[in-house]
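>>> Test case, fold it:
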Amino acid sequence: MFITIEGIDGSGKSTQSQRLSEWLEEHTRTKTIRTYEPYSFREFILSGKGISPMSELLLFLADRAEHLNRVILPALNEGHNVICERYNDSTLAYQCGGHGLKISHVKNIIASCNFPEPDVKILLEINPELAYSRVIQRHNLNDKFEAEGLELMKRVSDCYLNLEGYIVIHCSDMNESEVFAKIKTELEKRL
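The predicted model follows:
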């Protein structure tokens, strides 16, 4: 299975990805690879102040192509499960909702890349104020997106909620175990 976990910074993607990986490996008896984006050009992209939104989009897509080639597709071809934190919908949410690119244009560019679709997409929907407080608590305002602050998170969150095809987990009022229980229930329906 190819599973993506989406959500704004501070939504719990890494925590839930770890829990899901362990459960999926045990449940399916299949090796599960955890990965995230950006992958190859992570440091450059996340520190890239002054990069235009279109240049940023193209960097993310180049990064995704490398990520697919080096990690995701080889793992899937070997019969492993893959859980990826962020994928195409993050590109739409951040570059369109966050930085104002036209969503239909970006969707067409992504479609022309012919990237594989995930089997399951999970959106961890969270109140942006809560997510931002988590980001500040972990003192991780090093990347350009987190440093852009709460207003960016609100725009990105709104964009995510207008995209389709997710299992949406509303996690603002739940602890991490409750969030995982919801994810597990939804995945069990699909396995």
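>>> show me where pLDDT drops low in this protein?
Applying pLDDT under 70 to the chain flags residues 48, 139-146.
>>> list the contacts for residue 154?
residue 128 (Cβ atoms under 8 Å, 6 or more residues apart in numbering). C-beta coordinates here come from the backbone N, C-alpha and C atoms, glycine included.
>>> mind listing the helices for this protein?
Counting by DSSP state H, the chain has these helices, from start to end: 13-28, 42-47, 53-67, 73-77, 88-91, 103-113, 128-137, 144-147, 150-162, 176-190.
>>> For the first one, buried residues please.
So the one you mean is helix 13-28. 13, 16, 17, 19, 20, 21, 23, 24 (16 or more other Cβ atoms under 10 Å).
>>> From those, pick the one nearest residue 58.
residue 13 (23.7 Å; Cβ to Cβ).
>>> Please identify the deepest-packed of the helices of the chain.
Highest mean neighbour count of these: helix 88-91, a mean of 24 (counted as mean count of other Cβ atoms under 10 Å).
>>> packing partners for it?
strand 2-6, helix 53-67, helix 103-113 (3 or more Cβ pairs under 8 Å, 6 or more residues apart in numbering; DSSP states H and E).
>>> what sits up against that helix?
By Cβ under 8 Å, 6+ apart, helix 88-91 touches 4, 6, 37, 57, 60-61, 64, 106, 110, 115, 121, 123, 160, 163, 166.
>>> Pop out the phi and psi values for the most centrally placed residue in the chain.
The residue lying closest to the centre of the chain (Cα atoms, centre = their mean) is residue 86, at 2.0 Å. Per-residue torsions, residue 86: phi 80, psi 140 (degrees, to the nearest 10).
>>> Report the contact partners of residue 39.
Contacts of residue 39 (Cβ under 8 Å, 6+ apart): 63, 64, 66, 67, 70, 71.
>>> For the fifth one, give me its contacts.
Put plainly, it is residue 70. 39, 40.
>>> just to revisit the earlier point, with distance to residue 172 as extra columns, can I get the contacts of residue 39 in JSON lines?
Below are these laid out as JSON lines (distance: Cβ to Cβ, whole Å):
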{"residue": "63", "distance to residue 172": "30"}
{"residue": "64", "distance to residue 172": "29"}
{"residue": "66", "distance to residue 172": "34"}
{"residue": "67", "distance to residue 172": "30"}
{"residue": "70", "distance to residue 172": "35"}
{"residue": "71", "distance to residue 172": "31"}
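>>> Pick the one among these closest to residue 191.
For those, the nearest to residue 191 is residue 71 (22.9 Å; Cβ to Cβ).
>>> which residue packs closest to that closest one, ignoring adjacent ones?
residue 35 (5.3 Å; Cβ to Cβ, 6 or more residues apart in numbering).
>>> Hmm, that neighbour is touching residue 81, no?
No. Using Cβ atoms under 8 Å, residue 35 is not in contact with residue 81; the gap is 11.2 Å.
>>> neighbour-wise, which of those two wins?
Ranked by neighbour count (other Cβ atoms under 10 Å), residue 35 and residue 81 place residue 81 first, with 21 against 17.
>>> Noted, bye for now.
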